[in-house]
Structures are given as structure tokens and as C-alpha cells.
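Engineer: Quick check, what structure comes out for this input:
(chains A and B)
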Number of protein chains: 2
Amino acid sequence: MILQSSKDPATGPAAGRLKRSMDRPVMPPDAAANWETFVALWERAHAIRSFIWDHPASGERNLLGHFLVRLRRFFAVDFCFGALAREGEREVVEIGIPKTGINRLPADFSRRCLDLLASGCAPIVWNEAGDKFGFRSTILAPMSSSSARPFGFVMLGHSLRKSYSVHELFLLRALAGDLSRVVRELYAGQQRQHQTLEICHDLKNSLQLILGNVAVLRQSLGEARAEQEERSLHAMERAVDEILRAVNRLLAEPPRDGGVACSRKNGARRSDELKNLSKL
Amino acid sequence: MILQSSKDPATGPAAGRLKRSMDRPVMPPDAAANWETFVALWERAHAIRSFIWDHPASGERNLLGHFLVRLRRFFAVDFCFGALAREGEREVVEIGIPKTGINRLPADFSRRCLDLLASGCAPIVWNEAGDKFGFRSTILAPMSSSSARPFGFVMLGHSLRKSYSVHELFLLRALAGDLSRVVRELYAGQQRQHQTLEICHDLKNSLQLILGNVAVLRQSLGEARAEQEERSLHAMERAVDEILRAVNRLLAEPPRDGGVACSRKNGARRSDELKNLSKL
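Structural biologist: Model prediction:
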């Protein structure tokens, strides 16, 4: 049995029971045939890779969901699961495809897997995970930047015992690596957007202050104010309007592919595809 | 002879002389040994991949230079060359490592290669390129997004005839793919920065207008102005200062890894490494 409930899974009594086992992968004897099999699989996986790169997702949940739907189809497994634990945030984002599969996972599963993964970067395979764990075959691939400890993982679960070829293990790791990079870019974009929003908020407060003082001055000068004074007050109001328009342009993020052409036709098709897929 | 001077290399008389030839790649007969060789090579290439991902480069020239230095070392070739033709810009960014190797390339080489590459995405190998072309072995890998035609390529040149294994060809293509993505992210960042700069410029003009009108009002009201009026004028000046500070914060781009931890030690090491490497 793996990942049995324990106060401290890394050092507690359950730690000894965390088993990693891997069936000896099957490999055809002919090198050329073997390589061709791998290249064909790699090409097939390219669709997943280019999908996550070319479709700006609206958030990490959406991105992870799109990725897992494709990963599940690619590996033909019962269940795909992904977890993301962003630095400095308590909440772990968890997605299961299908959703109901999550009920089969032990308590605090994601956090404990992340602790386990912190020690290495190769996929971890469990077979015969026991009756408490819903899947007889489970494989985990970490997501990390090269310098930091894993900030997430993707998991394939299968009710029947399933052997993965070395090619499949390699591909799972490579795809998790690609997802890591897309997630990092997404986080960077969110951080930028958050910072811009904060700054624009401060900026609008200052603009409000200017408008308030224009009103105070207009009242203080009364009906008797000179034409030139009214022109100045009005010019300041117009300038505030201009700044507000600039701020709104700032809040509209430019497209992600920055300067590399994408045909209108493809763009439209993708937008429709995203709409359909967001009905996950 | 390849890429002979011609007004229209794609359809002109020289087009027929563009030869693609590839030595039959050498493959060890044992599948397991073959796979292990590939995985070892892939792991070695990982250093190039993570370098370009983890080191925010100051521009495409810098990024391409860093990449090519590592690519040349990895493939142990005499010369590495890279070209980037950004959508809508006439200039092609070209980098050769070492620089002097560029002198051995025919005229208008990059543009003609890009036309040639537009038709496919596999690496193109030329052997025995002839006496007009400085290298007996040349291999080109395109850089592209999945939807658009290639926007650049990397090239390995070797003075002696050199055979590439299927693994090496695969890796060259994969590395060019990674570089494509990093370049696209870099372009997107530049586009964002350009847009922000433009907006901030408009914004500063409007602020200048407000300050100018505060000065006009102060002069118009003269020494006899009420204390309340001076307070309003002063408050508007302070608000403009606040906005200027906010604008300067906007112009300072946040770190690229957005929320994924990077240890201080690694950060410092990398910064030093970048300084050393920028002395290319």
C-alpha cells in the first residue's frame, strides 16, 4: 500500500512502505525499428506540445485541464491527474480527468507526492499499489524549473496493471517539462498583470485627486473666474481623460506570439477549438 | 555547388542545383545500447535547453549568440550560424560563431535559406557543397511556430565531411524548436515593452500638460491667491509626482520566472555567468 495516511510521510512509519517498482521495459531487438517507433510517438506527442504553446490559456486550471485531456488520450489510461503548488501559496491546484477519479486518491495526496518528488526528477512508477489506492498502475512526472524543487506533477492512473515502454516514460517526462515551461510563462504573465493592475489602481487614485482639486479650484474661483483660468481647468480635465485612456490600453495585454505571424484562419479555428474545449 | 547566386533561387536556374543529400545514419545494432546512447545525448543537450530558458536574455542577438556557442561545443563543429527574420522587419539578425565564418557564406544566404526552408520542417543536410561554399558538411534546422512559416534557422558547418547520427539530427531539431519558443517569448516581451513605452510616453505628455496648467493658474491667481487655492495647486503637483513614480514602476519589468522559486545563490551565479558570456 502506498501513501498511507501518516503525520509525516517523509520520515514517519509509512515512509518505509512507499514502494517504487518498475517493470523491465519492453524493447524491440532491432535498433532501427526501435528508433522509428520512438520518432513516431514523439511526432504524435507534438500535437500536445504545440497545443499548450500556441493556445494562451486563461489560467493554470484551464491549461492543466487541456493538457490532461490530451495526455489521457495519448497514453490511453483511465485517469489523468495534475497538481500545481505555486510558490508562496497554500492552495494546491488539482485537476482530475475524469473529475470523479480524484475521489480514489488518498488524503493530502498532492502535497505528499510533491515531498516525495523533491528528491528527483525522473518519473516515478508504482505498480500494485494495493487496495486502498484505486489504481493498479500509477506513474508520476514532476514539473519543475531547473533550479527549484518541483512545483507540480502530472500523474497517469490505470485500473489494470500497465507497463510503460522506455519511450513512453521518456515522452511523459518531456511533456511534463514542456508543461512546466508553459506554466512558468503563464505565472510570469499573471504576475505582470497583477503588478500592472496594482500600479493602475494607484494611478487612478492620483487622477481622482487631480479631478477633485480641479473642482475645488473651480468652486473657489466662482463664476467670476477669468476665461484663461477656465481654459486651464478644462485642459487639466482633458489631460486626466487622456491618461485614463492610456491606462485602459495598458490593461489590455497584447497577443502572446509577439511578432511571429499566425494566419487569421488558424486564429479563428483555434478560438473555436478553445471555446469547445473549455466545456470540460 | 549550392545556393549559387541567382535572381530567384526558388524558381531560377540555380534551383535545380540545390542538392539535399544525407549519408545513411549509423545506428548500433543493439536496441538497448542505441536507446541509452540517445538518452545520454538528450541529457547532455538539456544543459543548452535549460540555459536558454532560465537566462532572460537582453535581446535576440544575445540569446542566439549564447545558444550558438553551446551548440557548436555540443556538436563539435567548426562553425555555427543562426538567422532570425522577424515578421514585418526587413533586417535579418545573423550571428556566426566564430564571427569570421560568416565571410565563407554566399551572398544573401539567410534569405535564400529561409525560402528553401519554408517548404518543410526537418533539418536539411548538404554534403560536398563544393568549392564556392566554405564547408564540406552543412546542416540547417528551421525555427518556426507551428502555424507560421520558418522565421529563422540554425546551421552547423564543418570543413571536413561529417556524418550526423539520427540521434544528433533529432536533437538538433528539438533544440531549434526550444530556441524558437524562447525567441517567441522574447519577441512577445519586447512587443509588450514597446507598447508600454509608447503608452508611458503619451502619459508623460498629459502629465506635462497638467503641470503647465498648474503653473498658468498659479501665475494668473498671483500672490493674492487664497491658501486653499495654493493647497489645491500643490496637491495636483504632488499627484503628478505620484503618477510619475507609478509610471517608472511600470517601466521596470518583473522577473521572468513569475512565482517559481529560484535560490539566491543560483541567481547570483547566473548573473555572473551572463556577465562573462556577454563578452562574446
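
Engineer: Do a quick rundown of the strands in the stretch 151-280 of chain A.
Structural biologist: Remark: strands assigned in the stretch 151-280 of chain A by DSSP state E, counting those that start in this stretch are A:152-158.

Engineer: typo on my end, it should be the stretch 1-150 of chain A
Structural biologist: Using DSSP E, counting those that start in this stretch, strands in the stretch 1-150 of chain A cover A:79-85, A:92-97, A:124-127, A:137-143.

Engineer: Compute the number of surrounding residues for residue A:46.
Structural biologist: 12 (other C-beta atoms under 10 Å in any protein chain shown). No exception for glycine: its C-beta is placed from N, CA and C like everyone else's.

Engineer: give the contact list for it.
Structural biologist: Residues near residue A:46 by C-beta atoms under 8 Å, 6 or more residues apart in numbering or on different chains: none.

Engineer: Ok, residue A:33 next?
Structural biologist: For residue A:33, the contact set (C-beta under 8 Å, 6+ apart) comprises residue B:31.

Engineer: So it versus residue A:234, what's the distance?
Structural biologist: The gap separating residue A:33 from residue A:234 is 80 Å, by C-beta to C-beta, to the nearest Å.

Engineer: got a pLDDT number for residue A:195?
Structural biologist: On the pLDDT scale, residue A:195 is placed at 90.

Engineer: pLDDT score for residue A:251?
Structural biologist: With respect to pLDDT, residue A:251 scores 85.

Engineer: just residue A:257 next, same as before
Structural biologist: With respect to pLDDT, residue A:257 has a value of 42.

Engineer: re the thing from before, the strands of the stretch 1-150 of chain A: lowest mean pLDDT?
Structural biologist: When the strands of the stretch 1-150 of chain A are ranked by mean pLDDT, strand A:124-127 comes last with a mean of 74.

Engineer: Using PDB, write out every CA atom in that strand.
Structural biologist: Written as PDB, here are the backbone C-alpha positions of strand A:124-127 (Å, rounded to 0.1, in the frame of the first residue of the first chain):
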ATOM      1  CA  ILE A 124       8.100   7.600 -10.500                       C
ATOM      2  CA  VAL A 125       6.200   4.400 -11.200                       C
ATOM      3  CA  TRP A 126       4.200   2.400  -8.700                       C
ATOM      4  CA  ASN A 127       2.600  -0.900  -9.600                       C
END
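
Engineer: isn't residue A:45 right next to residue A:175, touching?
Structural biologist: Yes - when contacts are counted by C-beta atoms under 8 Å, residue A:45 is listed as touching residue A:175 (6.1 Å).

Engineer: how many neighbours does residue A:238 have?
Structural biologist: Using other C-beta under 10 Å, residue A:238 has 14 other residues around it.

Engineer: try residue A:205
Structural biologist: Counted with other C-beta under 10 Å, residues neighbouring residue A:205 total 13.

Engineer: That one and residue A:199, how far apart?
Structural biologist: Separation of residue A:205 from residue A:199 (C-beta to C-beta): 11 Å.

Engineer: Tell me where the stretch 1-150 of chain A has helices.
Structural biologist: For the stretch 1-150 of chain A, the helices defined by DSSP state H, counting those that start in this stretch occupy A:31-54, A:60-75, A:109-117.

Engineer: okay, these in TSV with distance to residue A:126 and mean pLDDT next?
Structural biologist: Output for these, formatted as TSV (distance: least, C-beta to C-beta, whole Å; pLDDT from 0 to 100):
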stretch	distance to residue A:126	mean pLDDT
helix A:31-54	23	90
helix A:60-75	15	95
helix A:109-117	10	87
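
Engineer: Output those as CSV; include the columns distance to residue B:51.
Structural biologist: Below are those laid out as CSV (distance: least, C-beta to C-beta, whole Å):
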stretch, distance to residue B:51
helix A:31-54, 19
helix A:60-75, 25
helix A:109-117, 23
